[in-house]
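Visitor: I'd like to go over a predicted model; first the sequence, then the structure.
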Amino acid sequence: DVKVTQSSRYLVKRTGEKVFLECVQDMDHENMFWYRQDPGLGLRLIYFSYDVKMKEKGDIPEGYSVSREKKERFSLILESASTNQTSMYLCATVADPGPYNSPLHFGNGTRLTVT
Amino acid sequence: AQKVTQAQTEISVVEKEDVTLDCVYETRDTTYYLFWYKQPPSGELVFLIRRNSFDEQNEISGRYSWNFQKSTSSFNFTITASQVVDSAVYFCALSELFSWGKLQFGAGTQVVVTP
């Protein structure tokens, strides 16, 4: 069974702080993703990575960056946290699926509050 | 651009009632994939079903069934004889062929099942 672990379930940070959200997967999957979830908006893709050292912007990358130094770990970085980044952040992974678009496996999420 | 609309924000039912969740999508692609995910109160999104655009057969899995109609761009989800454990947020999502985890999610529908 795929396990995607997000290091923190709840985080409270102050405006302007640099924030790191960590995600680790144990299935040797190449592809990892960061989504944020907001009421009424569903999930939106922030960044993704198809390989170590590789990163691609998703639909809402502004204010975020990512790091993928090792295959199993994908970090989301808020360079200078702002209150509009208060949200639920979800990490996900998917195996290389060929043409069949395998489903995402999600972590439990990190609920970040920026005050 | 792709878009997924889940017009129902919340549906409340009494246990054993049937509940249908609507999902309407927009895409210019001829090949695409549709998904349903469940998010229980614990927060982790759980994959329920994937359907590709060439397969319009309806599917049943236990008390769950899905009705895919390409002509109306809809992929509706029915829970038969609902149970309290079905209380969750349900998301419909759409992806392009070879998109490998880049999903366009709907806003989600909260289902509340009371005893």
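Guide: On my side now, so go ahead.
Visitor: quick check, B:Ser71 in a strand?
Guide: No. Counting by DSSP: H, G, I helix; E, B strand; the rest coil, one finds B:Ser71 to be helix, located in no strand.
Visitor: Next, count neighbours for it.
Guide: Number of residues near B:Ser71 (other Cβ atoms under 10 Å in any protein chain shown) recorded here: 6. To be clear about C-beta, it is placed using only N, CA and C from the backbone, and glycine gets the same treatment.
Visitor: Got the confidence number for it?
Guide: Model confidence at B:Ser71, given as pLDDT, is 93.
Visitor: How much space separates it from B:Glu56?
Guide: 9 Å (Cβ to Cβ, to the nearest Å).
Visitor: which bits of chain A sit near chain B?
Guide: A:31, A:33, A:35, A:40-45, A:48, A:50, A:58, A:88, A:90, A:92-94, A:96-97, A:99-109 (Cβ under 8 Å from any Cβ of the partner chain).
Visitor: Now, those that are in strands?
Guide: A:31, A:33, A:35, A:42-45, A:48, A:88, A:90, A:92-94, A:105-106 (DSSP state E).
Visitor: which stretches of chain A have low pLDDT?
Guide: By pLDDT under 70, the weakly predicted segments of chain A are A:96-101.
Visitor: Give me the residue at the spatial middle of it.
Guide: A:Trp34 (2.5 Å; Cα atoms, centre = their mean).
Visitor: which parts of chain B sit against chain A?
Guide: Residues of chain B lying near chain A (Cβ under 8 Å from any Cβ): B:4, B:6, B:9, B:33, B:35, B:37, B:42-45, B:47, B:50, B:52, B:91, B:93, B:95, B:97-103, B:105-108.
Visitor: Tell me how many other residues crowd residue 95.
Guide: Looking at chain A here, since you left the chain open. 16.
Visitor: hmm, I had chain B in mind actually
Guide: So B:Ser95, with other Cβ under 10 Å, has 23 neighbours.
Visitor: That one against B:Asp29, yeah?
Guide: No. With contact defined as Cβ atoms under 8 Å, B:Ser95 does not reach B:Asp29; the gap is 9.4 Å.
Visitor: What lies in contact with stretch B:40-55?
Guide: With contact meaning Cβ atoms under 8 Å, 6 or more residues apart in numbering or on different chains, stretch B:40-55 is reached by A:43, A:88, A:90, A:92, A:100-101, A:103-109, B:29-39, B:59, B:61, B:64, B:66, B:68, B:70, B:75, B:77, B:87-88, B:90-91.
Visitor: Repeat that for stretch B:25-35.
Guide: A:101, A:103, B:1-5, B:23, B:47-54, B:68, B:73-75, B:92-97, B:103.
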